[in-house]
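# pasted the sequence and its predicted model underneath.
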Amino acid sequence: MSSTRAAKDQLVQDMNAVMSDSEQLLRSSASDTTDKAKSIRANLEKSLSSARARLADFQGAAKDQVMATASDVDDYVKGSPWQAIGIAAGVGVLVGAILAMASNRD
C-alpha cells in the first residue's frame with residue numbers, strides 16, 4: 001500500500017509542477033518570446049511527459065490490482081459456490097431494504 005501512496009503523491013507533485021510551469025509559460029510568453037520562454041516550454045514538456053508516464057504506470061498498477069482481485073473472486077466463487085450465492089443473496093436483500101427505505105422517505 002505504501003508504494004501506491006508514494007505513486008499517488010508523486011503524481012500529485014508532477015501535476016503541480018505541470019501547472020506551475022504552465023503558469024510561468026503563460027506569464028512569460030505574453031511579453032517574452034526569447035530563450036527564457038523556450039526554456040520554460042522545455043520544462044513544461046518535461047514535466048508533462050513525466051506526469052503522463054507516472055499516470056500510465058499508476059493506471060497499469062490499478063488495472064493489475066483489479067484483475068488480481070477479480071481472479072481471486074472468481075477462484076472463491078468456483079471453490080465455494082453456495083457461499084457465494086448466499087453472500088450475493090444477502091447483498092441483494094440489503095440493497096432492496098435500502099431502496100425500500102429510500103422510496104418510503106419520498
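On my side now, so go ahead. This one's a predicted model, so the numbers in the text were calculated from it and none came from an experiment.
# from here on, just use CA atoms for contacts and neighbour counts.
Noted.
# ok, residues contacting stretch 52-68?
Thr4, Ala7, Lys8, Gln10, Leu11 (CA atoms under 8 Å, 6 or more residues apart in numbering).
# where does pLDDT dip in the chain?
Where the chain drops to pLDDT under 70, the residues are 1-2, 26-33, 106.
# mind listing the helices for it?
2-31, 35-79, 81-105 (DSSP state H).
# redo these as CSV? Include mean neighbour count.
Shown next, in CSV, are these (neighbours: other CA atoms under 10 Å):
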stretch, mean neighbour count
helix 2-31, 15
helix 35-79, 14
helix 81-105, 11
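# so how far is Arg105 from Lys91?
Slight slip there: residue 91 is Val, not Lys. 21 Å (CA to CA, to the nearest Å).
# that should have said Ile87, apologies.
27 Å.
# kindly report the same for Gln59.
40 Å.
# Lys78 versus Ala84, what's the distance?
Taking CA to CA, one finds Ala84 at 9 Å from Lys78.
# what do you get for Gln13?
Applying CA to CA to Gln13 and Lys78 gives a distance of 43 Å.
# go on, Gln10?
39 Å.
# what sits against Thr34?
With contact set as CA under 8 Å, 6+ apart, Thr34 has no partners.
# gap between Tyr99 and Val93?
Check again: residue 99 is Leu, not Tyr. Distance from Leu99 to Val93, by CA to CA: 10 Å.
# now swap in Ile87 and tell me
10 Å.
# do Gln65 as well
From Gln65 over to Val93 (counting by CA to CA), the distance is 29 Å.
# I am finished for the moment; much appreciated.
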